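Novice: the following comprises the amino acid sequence and a computationally predicted model.
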Amino acid sequence: MAAQGVLMVGLTPLAPGPAALRRHGRGKLCALAQADKAERWRPRDDKGSGGGRGGGRGGGSGRRPRTYVSESGIKLKQYIASDGREHLGSALSARTFKPFPGPPPDVGPPLRILPIGGLGEIGMNCMMAGVRDRYVVIDAGLMFPDFSDLGMQKILPDTDFLAQWKDRIEALIITHGHEDHIGALPWVVPALDPSTPIYASSFVMELIKRRLSEYSLWDDKRFIKFEMRERFQAGPFEIEPVRVTHSIPDCCGLIMRSSEGTIVHTGDWKIDENPLDGEQFDRALFQALNSEPVALMMSDSTNVLSPGRTLSEQVVHDSIVEKVLAHSGKGRVICTQFASNVHRLYGVKRAADASGRRICFVGASLSHYLEASWRDGRAPFDPKELVQPEELRHMDPNQVLIVTTGSQGEPRAQLSLAARDESNMLKILPNDLLLYSAKVIPGNEGKVTKMLNSLAAQGARVRQSRSDNLHTSGHAYQEELVEVLQSVRPQHFLPVHGEYAFLTEHALLARERAGINFVDVIRNGEMLAVRERRNRNTVSIGSMAAARVAGSRGAASGSGSGSDTEQQEGEEEEEGEEEEEGEEAPGTDLKTMVKYDGEEPTYFFNDGGKGTGTRQEMEIDMRGTMANEGVVVAGVDVMRAAAGAYGLTCRVRVTSRGIWTDEGRLLQEVSQAIENAVMRLPGTASLVEVERATIDSTKRRCIAFNNKRPEVIAIAYEHDPRDAHLAAVAEARRGGSGGGGGSATRSAAADGSNAAARRTRPSPWEAGAAGSSVRATADSGAAAGTLVPGGGGARRSRLPRPVEPSPADSTPSSTLTPRLARRGSAAAGDIIPISDSTDDDEEAEAAAEPAAATARRRSSGAAGPSGRRAAEREEQEEAGGNEEVAEEESSTLGRMLRARKTAVSSRRARADAGAAADGAAAGPPPLRPLDPRVIQERRRRNPRDQPSQLDDPDYG
């Protein structure tokens, strides 16, 4: 669940009828849902679900792999994982502008290195190398996630940065075909300009073609093959590939020459004295570099902690043959290895021929690498000699040698499936011999150990010890690293490819054993800039005065500085040599090695299908929370009382996954906690507030119950859909009141009055309306009108006090219309107390009516005879409607609404009178309230009508 994610679908029911109430119970509703594994949805028709290794490669869109027989006779499967864009996700979405690190092009050392990945981790090798503002990208690899990145299968470099600065990238060069060097190409290629060429050797190009064809990105014109020692121009560099040996065929290092100096990049390498394919490590070319100045060298640091030298692949070859011959006549032989290690197949083929066995591949990736090597003319044997997996059950166990994948305990690899007895192609038999011809990658020890134990429990004999010599590394050990450093003798050295501890150890090794004085270690996102030095052993800074000038100018050229060793060497220079080498142009930055800070790259994660995004977008931390803490899902059926009531009730349905509930007791307590939390909310609380209270109360209860902090998913919905508008209406009224108060404040400020005396009228739902639980504080020190839930003392209503208008209050700003003046004329002191008795409500209403009548008479007098006649008609209409609203006054809500209507009419009359006194008689005539009979009829049809509100249609 945590690896694949959780998708919740909520259905909002209509108002339940009596039958539904009887079925669910009229009291507390607490349903404890338990899902049956047998009923969970599974993908149908082998189309996959878009996640995981099986369904992700094209399965997310329903595309099924196409099985075909290649020209070599191998049965292969071709996947279509994307149309060229749909797999990208947000990998190319420019969220924010990312500045290019380092100085301007014409400032500082010209040769520059900017790693996007591969420094500080194993894998995801991708870096930019260039001259000033012209760059090439070296490799585009991915990194495999560890156990903490649940549900993720690939970690990609910062393709967003490459897309933003693609105008500076002129070429992409691939050194070899491992996934940590070509795995991110489906995301890096779309980030580059469509005209940017991509270079690789012939075998690597076959692997790239198969991979990019799956993503509909292959273009024959854009991808160019190169040969070893054949120079070609790529961006600002003249590139010369140099042959190195590794655990995959056709690997190379790069010699990049330019007008500003030479950079050597070794790639992944080791020195194999007896390679099985006959392609020797090019010692001669590396030694020839000693005769030309190499400004910077970068070398692989993966095995820097291992002393000595690596084993040759020939030793592993002989060991495999020996083990297979020793098992003759005793049963099958199963060999597991990395699929990319085509060299290992030479020993497998030799052992099969010597023991009279036939080879069978179980695992699609093995066939793909063999197909690529056959197309390039490097196959260790004819693919037509392979036995199909379907024939295994009919063959003599003593005549078959099985090669399979899954050496790292991958859950869907064939060897792992066989260990769990879930493979349809490979079944473990007693007396099987398993040759573990691979290395356990750090982080996979637990999975591999569990797999091997399961295989041994089924009767297989496992050979994996170091003394068996069944595997050798493809990365150089210490003696090989020192040998190449001493052969090239670079002026500056930068260790690459490895954890940060490996990089620092490699830098120390180069300084102490290879005699390289100028070394540095950088991280991903930082830039290292170097310039070719005139003397290998000294710094070209001229004199100590020039050194001081260079030091003072260093801050302007970058945040980093030259190495301490560089300064010491400069101080030890002889005076004559200083004068000879000090002929630098005035104002030039004389440091030969400068490190510049930069932003940490943004890594992208892919779930094996079309899901690609940042760590936050893929919600990896939430996946970990769900896996470690569990998930609680709460559905809240919100029931609101009649209009004007304060408080909510609800019914709760709770379920959980991955958390201990003590036979359901936790869910019962959570349900009760949610109900209590919702009941404390106001009657106009929105569903968002209900969900927030639900989440908070659920987490508190889980912490108290079992000290867990699960991921809580709350789904609140209205019991009666007709009540859904209440929260929005209350929010709109709060916003409208604030707007009116703001207008009045601005008007008062324009007139020079005190703006601090005015305040915003709150919503009557939160202001202590009749029937609510909001009470004013009894503390005499509290401010007037301060409202607290459940407080003692008399209730206070936000009803305007009908006072006589003063000259200042009755004269609104000339820039406001009479209606705007009416909206903003309420003052902070216009509050009348209403006690808990109904008599006090009646007294308040009686006190409001004479004041309103007096205000109408004054306004009518100011308006002339027509105004007086209108006022008389209003009084007659109100007198005739008193009998019809008698029933309304029987309720507290009716009395409150009538008192408010009278008070608002009084306030409106005062505002109109003020406008008339200012010469605004030409404005619109005052509006009259609707006939009480009309109001009563509308209230009968809609009990939630609020005639006292300005934005209500009942308000005149």
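Specialist: Received, thanks.
Novice: all helices of the stretch 1-150 of the chain, in order?
Specialist: 18-24, 52-56 (DSSP state H, counting those that start in this stretch).
Novice: would you map the helices across the stretch 651-800 of the chain?
Specialist: 665-679, 687-706, 725-751.
Novice: okay, now the unreliable bits of the protein?
Specialist: 1-63, 535-590, 642-646, 736-894, 914-930, 942-956 (pLDDT under 70).
Novice: re earlier: what's the most buried one of the helices of the stretch 651-800 of the chain?
Specialist: Greatest average neighbour count among those goes to helix 665-679 (a mean of 20), per mean count of other C-beta atoms under 10 Å. The C-beta positions use only the backbone N, C-alpha and C, and glycine is treated the same way.
Novice: which elements pack onto that helix?
Specialist: Other helices and strands packing on helix 665-679, by 3 or more C-beta pairs under 8 Å, 6 or more residues apart in numbering; DSSP states H and E, are strand 631-640, strand 648-657, helix 687-706.
Novice: want to throw the ones you listed into JSON lines with distance to residue 461?
Specialist: As requested, those are exported to JSON lines (distance: least, C-beta to C-beta, whole Å):
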{"stretch": "strand 631-640", "distance to residue 461": "43"}
{"stretch": "strand 648-657", "distance to residue 461": "41"}
{"stretch": "helix 687-706", "distance to residue 461": "45"}
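Novice: do you know which of these lies nearest residue 323?
Specialist: Nearest of the helices and strands packed on helix 665-679 to residue 323, taken as C-beta to C-beta: strand 648-657 at 47.1 Å.
Novice: and the closest one with helix 665-679, angle?
Specialist: Here the directions of strand 648-657 and helix 665-679 differ by 150 degrees (axes from the mean of the first three to the mean of the last three C-alpha atoms, to 10 degrees).
Novice: may I have the beta-bridge partners of the closest residue to residue 65 other than its chain neighbours?
Specialist: Leaving aside its sequence neighbours, residue 65 sits nearest to residue 77 (C-beta to C-beta, 6 or more residues apart in numbering; 4.2 Å). Counting by DSSP bridges, residue 77 forms beta bridges with residue 67.
Novice: give the full set of residues in contact with residue 77.
Specialist: 65-68, 364 (C-beta atoms under 8 Å, 6 or more residues apart in numbering).
Novice: can you turn the buried part of these into a ChimeraX selection?
Specialist: In ChimeraX, this line selects whichever of the contacts of residue 77 come out buried by 16 or more other C-beta atoms under 10 Å:
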select :65,364
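Novice: helix, strand, or coil at residue 238?
Specialist: Recorded secondary structure, residue 238: strand (DSSP: H, G, I helix; E, B strand; the rest coil).
Novice: what distance do you get for the residue nearest to residue 65 to residue 177?
Specialist: 19 Å (C-beta to C-beta, to the nearest Å).
Novice: with adjacent residues omitted, what lies nearest to residue 244?
Specialist: residue 269 is the one closest to residue 244 (C-beta to C-beta, 6+ apart), at 3.7 Å.
Novice: that neighbour against residue 248, yeah?
Specialist: No: assessed by C-beta atoms under 8 Å, residue 269 is found out of contact with residue 248, at 11.2 Å.
Novice: who's in contact with residue 143?
Specialist: So residue 143 contacts 117, 121-124, 154-155, 180 (C-beta under 8 Å, 6+ apart).
Novice: tell me the most packed of the residues you listed, by neighbour count.
Specialist: residue 124 (30 neighbours; other C-beta atoms under 10 Å).
Novice: pretty sure it is touching residue 180, no?
Specialist: Yes: counting by C-beta under 8 Å, residue 124 touches residue 180, with 6.4 Å between them.
Novice: which stretches of the stretch 1-150 of the chain form strands?
Specialist: 66-69, 75-78, 111-117, 126-131, 134-138 (DSSP state E, counting those that start in this stretch).
Novice: ok, which of those strands comes nearest residue 358?
Specialist: strand 75-78 (15.9 Å).
Novice: list the buried ones in the closest one?
Specialist: Buried-residue list, strand 75-78, by 16+ other C-beta under 10 Å: 75-76.
Novice: for it, output the C-alpha coordinates as CSV.
Specialist: Extracted in CSV, the C-alpha atoms of strand 75-78 (Å, rounded to 0.1, in the frame of the first residue of the first chain):
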residue,chain,number,x,y,z
LYS,A,75,12.9,-14.4,-28.6
LEU,A,76,12.6,-10.8,-27.4
LYS,A,77,9.8,-8.6,-26.0
GLN,A,78,9.5,-5.0,-27.2
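Novice: which stretches of the stretch 351-500 of the chain form helices?
Specialist: Under DSSP H, counting those that start in this stretch, the stretch 351-500 of the chain gives helices at 364-375, 414-419, 445-457, 478-488, 500-512.
Novice: let's have those in a markdown table, adding distance to residue 285.
Specialist: Listed next are those as a markdown table, based on distance: least, C-beta to C-beta, whole Å:
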| stretch | distance to residue 285 |
| --- | --- |
| helix 364-375 | 25 |
| helix 414-419 | 40 |
| helix 445-457 | 39 |
| helix 478-488 | 10 |
| helix 500-512 | 20 |
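Novice: so the spatially closest residue to residue 245 that is not a sequence neighbour, which of the three states?
Specialist: Distance criterion C-beta to C-beta, 6+ apart; nearest residue to residue 245, sequence neighbours excluded, is residue 272 at 4.1 Å. Following three-state DSSP, we place residue 272 in the coil state.
Novice: so what's residue 272 up against?
Specialist: 245, 280-281, 310, 312-313.
Novice: hang on, the earlier thing: pick out whichever of the contacts of residue 77 sits closest to residue 668.
Specialist: Using C-beta to C-beta, the contacts of residue 77 come closest to residue 668 at residue 65, 49.0 Å.
Novice: still on that earlier bit, which one of the contacts of residue 272 is nearest residue 499?
Specialist: Checking those one by one against residue 499 (C-beta to C-beta), the nearest turns out to be residue 310, at 19.0 Å.
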